[in-house]
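> Sequence and predicted structure are below.
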Amino acid sequence: MPTTALHVKIPSFMQRLTGYFREVRAELLKVIWPKRKEVIKLTGTVVILSVIVSAYLGALDYLFARALELLLVQ
């Protein structure tokens with residue numbers, strides 16, 4: 001009976017874990033990280049837009065609450 005089965009060694013858990021972190025490190029080295037000035041500028045933009053959207057939604061909530069109050073009280 002001929003033996004044609006392939007004998008493939010399955011890597012151990014530690015070998016797979018080490019390989020995973022090696023690949024993660026390789027991918028992180030490819031990332032182009034933003035400069036400090038750009039991070040500050042984009043963070044400011046997000047904060048300002050968040051304040052604008054929250055003020056808009058707060059105003060809508062107030063108006064709808066007042067309208068509902070006027071409808072239910074009368």
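Received the coordinates, thanks.
> pLDDT weak spots in the chain?
Counting by pLDDT under 70, the ranges of the chain that qualify are 1-5.
> Output the contacting helices and strands for the biggest helix by length in the chain.
Of all the elements of type helix in the chain, the one with the most residues (DSSP state H) is helix 36-73. The helices and strands touching helix 36-73, judged by 3 or more CB pairs under 8 Å, 6 or more residues apart in numbering; DSSP states H and E, number zero. No exception for glycine: its C-beta is placed from N, CA and C like everyone else's.
> In it, which residues are buried?
Buried residues in helix 36-73, counted by 16 or more other CB atoms under 10 Å: none are found.
> Return the distance of that helix from the chain's centre.
Counting by CA atoms, centre = their mean, to the nearest Å, helix 36-73 is centred 22 Å from the centre of its parent chain.
> One more: stretch 25-43?
Stretch 25-43 has its C-alpha centroid displaced from the chain centroid by 15 Å (CA atoms, centre = their mean).
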